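**Q** here is a sequence together with a model predicted from it:
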Amino acid sequence: MNELARLIARRIAMTGPMTVADYMATALTHPEHGYYTSRDPLGRDGDFITAPEISQVFGELIGIWCVTVWQQMGSPKHFNLVELGPGRGTLMADALRAASQAPAFVDAAEVVLIETSPVLRASQAERLSAFDPVWCDSLDTVPDGPVLAIANEFLDALPAHQLVRTGAGWRERLVGRDENGLRFMLSAGETPTAALVAPEIRNDTRTGAIAEVQPMALRVAAALAERIAQDGGAALIVDYGHAESAAGETLQAVRDHEPHDVLDAPGEADLTVHVDFAALTRAAADKATIRGPVTQGAFLRRMGIALRAESLIKGATAEQAESIASGVERLIGPDQMGSLFKVLCLSGHGTPQPPGFED
């Protein structure tokens, strides 16, 4: 049992079992021992790798998307280019490099990074120093004005509650402890979280069916929609998950690019769930126009990933060309990231259709 597991066990002994969401939040963001607060988890030397780290083309196409949407907005003289969970700053750096073809866009952009990890903030500061980024802890503190927001693999790591269908109804899965360490258990009665179970799942009567809900993710979607309705702009959400709400357990831990026991060594493995894009749509639809979700493969193809890869390969060595081609295939291949990952756009009512979401 590591130090964070001992702290969690002590808390459980004092206050009782905690929800899976509380456990995730503690494991990922504990000030001293949290996974994201104590390390850089990205890349081949870390625990997982994200699309911007796989290929520069991903961030470049996001940058082109942002320029096009900015032009659809009327090319405002000042706006906030916001990234939620920007990792090492790789996506933003690639996006701004591609966007430099439109100098007025770069001049108008205030680069705002929503990041709480001091380790990752240091990486972002180094990579994006030329753009004088501003850091915020949440959307609430983003400066006034229109926003173009990007959230790539951000929502999947937000805390999720799990509920299990029993003969007596939905019961919340909790993290408790016994003589062998941390273990899962069920609440004695229904908890308020049961009200958040998606309508498509709520009437599932199969004993043992599992529902996952992410209140924080829903609040982020609603806050983005509210901000867009108030100040104008758009948001692009890219993550792995399902287009329709469905029962099933997706909570997973990853360490050294391999599956890991969720309750073993908290703070030393990444914890995520699959994003429910239908739930995000319900949370944001009152204030914003929703496009998608479409698969990441379809989105990137429509954005011209094949042409960009072909251009890069022309000036590449044989080894570089192979790396470019394999990276692109990983991004769009249906048996890799192309189908599991989805792309959703939130924009103002009455705004033009953004690129990548054509019928």
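**A** Sure, I can see it.
**Q** list the buried residues in the helix or strand bottoming out on mean pLDDT in the chain.
**A** Averaged element by element with mean pLDDT, DSSP states H and E, the chain has its least confident helix or strand at helix 199-202 (a mean of 88). The neighbour-count criterion (16 or more other C-beta atoms under 10 Å) identifies 201, 202 as the buried residues of helix 199-202. Yep, even glycine has a C-beta here, placed from its N, CA and C like the rest.
**Q** what is the mean pLDDT for the helix or strand that that helix is followed by?
**A** Next in sequence after helix 199-202, counting helices and strands by DSSP states H and E, comes strand 210-213. The average pLDDT within strand 210-213 is 96.
**Q** residues contacting strand 210-213, please?
**A** Strand 210-213 is contacted by residues 160-165, 170, 173, 193, 196-198, 201-202, 204, 247-251, 273-274, 276, 279 when judged by C-beta atoms under 8 Å, 6 or more residues apart in numbering.
**Q** now, these that are in strands?
**A** Secondary structure from DSSP state E places 161, 162, 163, 164, 165, 170, 173, 276 of these in strands.
**Q** redo the residues you listed as a markdown table? Include distance to residue 180.
**A** Output for the ones in strands among the contacts of strand 210-213, formatted as a markdown table (distance: C-beta to C-beta, whole Å):
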| residue | distance to residue 180 |
| --- | --- |
| 161 | 24 |
| 162 | 21 |
| 163 | 24 |
| 164 | 21 |
| 165 | 26 |
| 170 | 27 |
| 173 | 18 |
| 276 | 33 |
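**Q** in JSON lines: those, plus pLDDT and distance to residue 63.
**A** Below are these laid out as JSON lines (pLDDT from 0 to 100; distance: C-beta to C-beta, whole Å):
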{"residue": "161", "pLDDT": "98", "distance to residue 63": "35"}
{"residue": "162", "pLDDT": "97", "distance to residue 63": "37"}
{"residue": "163", "pLDDT": "97", "distance to residue 63": "40"}
{"residue": "164", "pLDDT": "96", "distance to residue 63": "43"}
{"residue": "165", "pLDDT": "95", "distance to residue 63": "44"}
{"residue": "170", "pLDDT": "94", "distance to residue 63": "43"}
{"residue": "173", "pLDDT": "97", "distance to residue 63": "41"}
{"residue": "276", "pLDDT": "97", "distance to residue 63": "28"}
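**Q** all strands of the stretch 201-350 of the chain, in order?
**A** For the stretch 201-350 of the chain, the strands defined by DSSP state E, counting those that start in this stretch occupy 210-213, 233-242, 252-255, 258-260, 270-272, 275-276, 289-295, 341-347.
**Q** pull out the buried members of the ones in strands among the contacts of strand 210-213.
**A** Burial by neighbour count, 16+ other C-beta under 10 Å: within these this picks out 161, 162, 163, 164, 165, 170, 173, 276.
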